[in-house]
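K.L.:
need coordinates for the below:
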Amino acid sequence: MKAQAVIIMRRHLDPALQWQYMNVKDPRALWLALEDRFGNVADTLLPDLKEKWNNIRFQDFKTVEVHANQNQTTQSAMKSCVEVHANQNH
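P.N.:
Take a look at the predicted model:
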């Protein structure tokens, strides 16, 4: 069962990361190693997303649809980062 979990987890990794974590046989150990490496992604992305949100201008887009899509994408990413940050503080 553990081997299947590790295989599934590795299948979703970038090929370079697959090779880097090839020797990790325990799914929990793999999860924790990846969390240590990438757990602060929300802290890294949030300032950039806030700046992007503050600088979105309607005139920079050719259509209303593209503008709305960009707003929605940015809002979703910000919401995801805030939720990750809130979960880390609890």
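
K.L.:
for the rest of this, base every contact and every neighbour count on C-alpha atoms.
P.N.:
Noted.

K.L.:
and the end-to-end length of stretch 46-61?
P.N.:
End-to-end span of stretch 46-61 (CA to CA, to the nearest Å): 23 Å.

K.L.:
tell me the centre residue of the chain?
P.N.:
Val41 (6.3 Å; CA atoms, centre = their mean).

K.L.:
got phi/psi on it?
P.N.:
phi -60, psi -40 (degrees, to the nearest 10).

K.L.:
same check on Leu13?
P.N.:
According to degrees, to the nearest 10, Leu13 has phi -90, psi 160.

K.L.:
chain center to stretch 41-49: distance?
P.N.:
10 Å (CA atoms, centre = their mean, to the nearest Å).

K.L.:
can you name every helix or strand that the longest helix along the chain contacts?
P.N.:
Ordering each helix of the chain by length in residues (DSSP state H) puts helix 64-89 first. Contacts defined by 3 or more CA pairs under 8 Å, 6 or more residues apart in numbering; DSSP states H and E place helix 64-89 against helix 41-54.

K.L.:
mean confidence for the longest helix of the chain?
P.N.:
Here helix 64-89 scores 79 as its mean pLDDT.

K.L.:
what about Gln75, how many neighbours?
P.N.:
Other residues within reach of Gln75, judged by other CA atoms under 10 Å, total 15.

K.L.:
thank you kindly, that will do.
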